[in-house]
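[1] Let me see the structure of the following:
(one chain, ligands or ions: 1)
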Amino acid sequence: MSLYVVTGVAGFIGSRVCRMLLDTGHSVLGVDDLDESYDVRLKERRLAGLGGPGFSFLHADVSRVEEVRRIGDRLRGEGGRVEAIVNLAARAGVRASLLNPLVYLETNLTGTLLLLELCRDLGVAKFVLASSSSVYGLGAEVPFREDGDTNQPVSPYAISKKAAEELSYVFHHQYGLDVSVLRYFTVYGPAGRPDMSPFRFVKWVFEGLPVQLFGDGTQERDFTYVDDIARGTIAALRPVGYEIFNLGSDRPITLSRFLRLVEENVGRKAVVERSPRHPADIPRTWARVDKARTLLGWTAAVPIEEGVVELVSWYRVNRAWAKEIRTD
Ligand SMILES: NC(=O)c1ccc[n+]([C@@H]2O[C@H](COP(=O)([O-])OP(=O)(O)OC[C@H]3O[C@@H](n4cnc5c(N)ncnc54)[C@H](O)[C@@H]3O)[C@@H](O)[C@H]2O)c1
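    Next up is the predicted model:
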């Protein structure tokens, strides 16, 4: 049985990646500091769904030297060989990164550095880094290619991810660490992040609350279903040297269209409240995914119409507690 470390395991994507690893017979040490960037009850719910054989959890902050040392001690104590560290722990909101850039750099960059060093200490051969479509900023042409321009970022979040990518490259070059960098594109699905539009739209439409829409709704996003993303993350565990992969659906739609799909599935019209477009929002994301298809054998499988059905059904089933989750 092989052992993986998944950081950010109580998070939206981390919990799905962990579930898939456990379901395929692997062991996982999950790490998370359960930070309060959004309603912690959602993280606790996700964690509660991960119990069972093969899973253990360590409450630790990956951006602090002494806490990462504890992760190392725990892994040495367990004695098994660690196949890979999958680093999904992060501060993840684009807009919030303008309000508190320091914590973004500490978590996303220092945290990545400490985990890369942990790979060296423990002799772990593989590192997977969650990056983001945000690194493309304003300079790249759509559809975004992995070698597209990343020199016009619009948020500290984008910079923290780009810098983490490059730091990982250093560890590949200097120490032979095998690294897959994954640029995820707007991930949605059950138990998603309450600071992102998919969760918010569903909750607000269900509960008859005003739907806050930044801009005119014409901004396009390459929405990608969370199980596709988790599957791609696991596919990226194979040895690649150092590679960057877009993981996106390659089917961008406007925010307005996403909202219409939510309305259709909930069976209720949204009461829209418009605010000016946020300057940290890029107008359009769209992934070219040939590289992931060729090297990882991965493409997104879940069409947006099906994914929104899953998202809305999840909310319907979990509504009693999910409606209490704060979206501010
Ligand atoms: N959801 C998306 O659309 C999206 C898009 C692009 C990239 N990503 C990236 O994917 C990864 C997972 O994102 P997510 O949407 O699941 O976000 P999430 O916020 O739900 O998950 C991140 C988890 O990391 C934990 N964490 C934060 N700081 C930590 C620290 N210092 N130490 C330990 N744990 C810490 C949080 O408590 C949280 O549970 C992140 O790296 C994010 O930047 C997500």
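
[2] And for residue 221, the neighbour number?
    The tally of other residues near residue 221 (other CB atoms under 10 Å) stands at 25. For the C-beta atoms, the positions are set from N, CA and C on the backbone; glycine is no exception.

[3] what's the closest non-adjacent residue to it?
    Excluding its sequence neighbours, the residue lying closest to residue 221 (CB to CB, 6 or more residues apart in numbering) is residue 186, at 4.3 Å.

[4] repeat for residue 159
    Sequence neighbours aside, residue 153 is the residue nearest to residue 159 in space, at 5.2 Å (criterion: CB to CB, 6+ apart).

[5] And for residue 240?
    Sequence neighbours aside, residue 180 is the residue nearest to residue 240 in space, at 5.5 Å (criterion: CB to CB, 6+ apart).

[6] in the stretch 1-150 of the chain, what residue is nearest the ligand?
    residue 11 (2.0 Å; CB to the nearest ligand atom).

[7] Contacts only, for that residue.
    If you count contacts by CB atoms under 8 Å, 6 or more residues apart in numbering, residue 11 has them with 32, 43, 46, 88, 89, 92, 193.

[8] now with 7 Å?
    For residue 11, the contacting residues are 32, 43, 88, by CB atoms under 7 Å, 6 or more residues apart in numbering.

[9] returning to that earlier point: the residue nearest to residue 221: how many residues sit nearby?
    23.

[10] Residue 305 now?
    For residue 305, the neighbour count with other CB under 10 Å is 10.

[11] again, but for residue 8
    The criterion is other CB under 10 Å. On that basis, residue 8 has 27 neighbouring residues.

[12] That one and residue 32 touch, don't they?
    Yes: using CB atoms under 7 Å, residue 8 is in contact with residue 32, at 6.0 Å.

[13] what residues are shared contacts of these two?
    In the contact map built from CB under 7 Å, 6+ apart, the residues linked to both residue 8 and residue 32 are residue 89.

[14] just the contacts of residue 11 that are near the ligand?
    Subset of these in contact with the ligand: 32, 43, 88, counting by CB under 6 Å from any ligand atom.

[15] give me every residue that touches the last one.
    This means residue 88. Contacts for residue 88 (CB under 7 Å, 6+ apart) come out as 6, 7, 8, 11, 13, 14, 17, 130.

[16] Residue 97 now?
    Remark: with contacts taken as CB under 7 Å, 6+ apart, residue 97 is in contact with 91, 104, 155, 156, 157.

[17] how close does it get to residue 153?
    10 Å (CB to CB, to the nearest Å).

[18] on that earlier part again, can you tell me the element the residue nearest to residue 240 falls in?
    Assigned by DSSP states H and E, residue 180 belongs to strand 178-184.

[19] For that strand, name the packing helices and strands.
    Taking 3 or more CB pairs under 7 Å, 6 or more residues apart in numbering; DSSP states H and E as the contact definition, the neighbouring helices and strands of strand 178-184 are strand 126-132, helix 156-175, helix 226-235, strand 242-247.
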